[in-house]
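Asker: what shape does this take:
(one chain, ligands or ions: 1)
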Amino acid sequence: MTVVTRFAPSPTGFLHIGGGRTALFNWLYAKRHGGKMLLRIEDTDRERSTDAAIAAILDGLQWLGLDWDGDVVYQFSRAGRHREVAESLLAQGRAYRCYASQQELEEMRETARKEGRPLRYDGRWRDRDPAEAPAGVKPVIRLKAPTEGETVVEDEVQGRVVWQNKDLDDLVLLRSDGTPTYMLAVVVDDHDMNVTHVIRGDDHLTNAARQTQIYQALGWDVPKMAHIPLIHGPDGAKLSKRHGALGVEAYRSLGYLPEALRNYLVRLGWSHGDQEIFSTQEMIDAFDLGSIGRSPARFDFAKLENLNGHYMRQADDERLVQALEDLLPELDKDEHHLGRTFRPGLREKLIAAMPGLKERAKTLVELLDSAYYLYAQRPLHLDEKAASLLADGVTRLAGIADKLDAVTDWSARSVEAVVREHAEAIGAKLGQVAQPLRAALTGRATSPGLFDVMAVLGKDETMLRLRDQIKDAPAA
Ligand code: GLU
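Answerer: Take a look at the predicted model:
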């Protein structure tokens, strides 16, 4: 049997983090077993489905590196087939037309409310002669669900879950306007798409029971099911925006690398011993449904940041610079006037400086910020700490500009020698010279190694920045 999984998002909003994880689990399971992952856009809710959401979902999956097999299936386009299946159930006596009016349903709801139980359609048209149908009322088609016994879902994550059939009413398959319900559409599509494993959030667990009844009525095999506990916030409450329930594209704008988010997501609810870091191949090799936990995973931004830092340090420098450039159009505000692409020459400088820069940053946004000194425009704006460092130490820089100007073979090593000699000559510690110098050259109190900074900036830019800041400095 070839494993076929599917990711079946409703395009009513962006690809949120929980959807990203569901997609990843489906993708991994398919890859693990040499199978396929299909993508089905469940766009039957015409009011709430939008093209923008479809685009965001496809884009989010692509960015996460999760590809699917074959063409995207759009559920709405299959409405004719859904109708046909509902009618076949009708013909076999496994479904029936129900003419209950809105008012009758309202009364049932009211009674249920009074009795403190959920609405349960009472089956009033189940065995009634259709000849009694009121004129001019368009019926819905309901499943003739079993009234006795149990419906069982042998879930790969939740274990055996049992429903008493008397608690499940005759669900609607086809609405009075002829459109299929979600419950019917999912079953027909999963069957027609030969889906062998349904892996999705456990908010669909009750649906699994109802869908099982539809499968049974149709005489179709029920796919294997795995219902994954939802993601909660660090405080244990259901995940909200405040906790990080953002769209996948928001993580991109916040400066996370897709491989870091993938690694983070795989560990949200699934574990493999105490391993935290997984390459994509390692995830594929180790992934299974049995190791998905039964309790909700907790979202933890600090962990995501640490993983991101790890993957940034590992990443190829050119790729990181490209990722920074790709991020430019997404930045909230362009306070550094970077524009949408790097100006000529900056890319090379960033690549040269990257080994030092990437050691500290946790996100691409931080990385870009820490590279401020490379793209800062003269005269540099010094932040508060830098301004005070320079004010304290500017006298110790007197005369250093001329000494640096005399360097002919500009390199980290040659400028280091000059700065050290200068410090010695004025009887200061290296740091007492290096700190104000750093402030003048980078506008910040911290930066990668000062001499590397000077080497990457080059002699001309270093000298210009230095003279901008110390032109009026009195001699020490
Ligand atoms: N379209 C449903 C959702 O977005 C998922 C349905 C399913 O996986 O069966 O929640």
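Asker: pLDDT below threshold where in the stretch 351-476 of the chain?
Answerer: The stretch 351-476 of the chain contains residues with pLDDT under 70 at 472-476.
Asker: now the strands: where do they sit in it?
Answerer: In the stretch 351-476 of the chain, no strands are defined using DSSP state E, counting those that start in this stretch.
Asker: report the contact partners of the residue nearest the centre of the chain.
Answerer: Centroid-nearest residue in the chain: residue 248, 3.1 Å away (criterion: C-alpha atoms, centre = their mean). For residue 248, the contact set (C-beta atoms under 8 Å, 6 or more residues apart in numbering) comprises 14-17, 19-20, 60, 63-64, 261. Bear in mind the C-beta positions are built from the backbone N, C-alpha and C, glycine included.
Asker: where does the residue lying closest to it once chain neighbours are set aside land in three-state SS?
Answerer: If the residues on either side of it in the chain are set aside, residue 248 comes closest to residue 60, at 3.8 Å by C-beta to C-beta, 6 or more residues apart in numbering. Using DSSP: H, G, I helix; E, B strand; the rest coil, the structure places residue 60 in helix.
Asker: how about residue 162?
Answerer: In the three-state summary, residue 162 is assigned as strand, counting by three-state DSSP.
Asker: contact residues of the stretch 51-200 of the chain facing the ligand?
Answerer: The stretch 51-200 of the chain comes close to the ligand at residues 186, 200, as judged by C-beta under 6 Å from any ligand atom.
Asker: nearest to the ligand within the stretch 301-450 of the chain, name that residue for me.
Answerer: residue 304 (23.2 Å; C-beta to the nearest ligand atom).
Asker: quick one: buried residues of the strand or helix carrying that residue?
Answerer: Using DSSP states H and E, residue 304 sits within helix 301-314. Under the neighbour-count criterion of 16 or more other C-beta atoms under 10 Å, helix 301-314 has 304-305, 307-312 buried.
Asker: so for the nearest residue to the residue of the stretch 301-450 of the chain closest to the ligand once chain neighbours are set aside, what's the pLDDT?
Answerer: Spatial nearest neighbour of residue 304, chain neighbours left out: residue 264 (4.7 Å); criterion: C-beta to C-beta, 6+ apart. Note on residue 264: pLDDT of 97.
Asker: next, the angle from the one helix or strand residue 264 maps to to helix 301-314.
Answerer: Taking DSSP H and E as the criterion, residue 264 maps to helix 258-266. If you take axes from the mean of the first three to the mean of the last three C-alpha atoms, to 10 degrees, helix 258-266 sits at 140 degrees to helix 301-314.
Asker: residues in contact with helix 258-266?
Answerer: Contact with helix 258-266 is made by 17, 20-21, 24-25, 28, 63-65, 248, 251-252, 276-278, 280, 283, 287, 303-304, 307-308, 310-312, as judged by C-beta under 8 Å, 6+ apart.
Asker: tell me which of these fall in helices.
Answerer: Those of the contacts of helix 258-266 mapping onto helices are 17, 20-21, 24-25, 28, 63-64, 248, 251-252, 280, 283, 303-304, 307-308, 310-312, per DSSP state H.
Asker: so who does the closest residue to the ligand within the stretch 251-400 of the chain touch?
Answerer: The ligand sits closest to residue 289 of the stretch 251-400 of the chain, with a gap of 15.0 Å, by C-beta to the nearest ligand atom. Residue 289 is in contact with 29, 156-157, 197, 199, 226, counting by C-beta under 8 Å, 6+ apart.
Asker: between these, which is nearest the ligand?
Answerer: Checking the contacts of residue 289 against the ligand by C-beta to the nearest ligand atom gives residue 199 as the nearest, at 8.2 Å.
Asker: counting neighbours, what do you get for that closest one?
Answerer: Neighbourhood size, residue 199 [other C-beta atoms under 10 Å]: 28.
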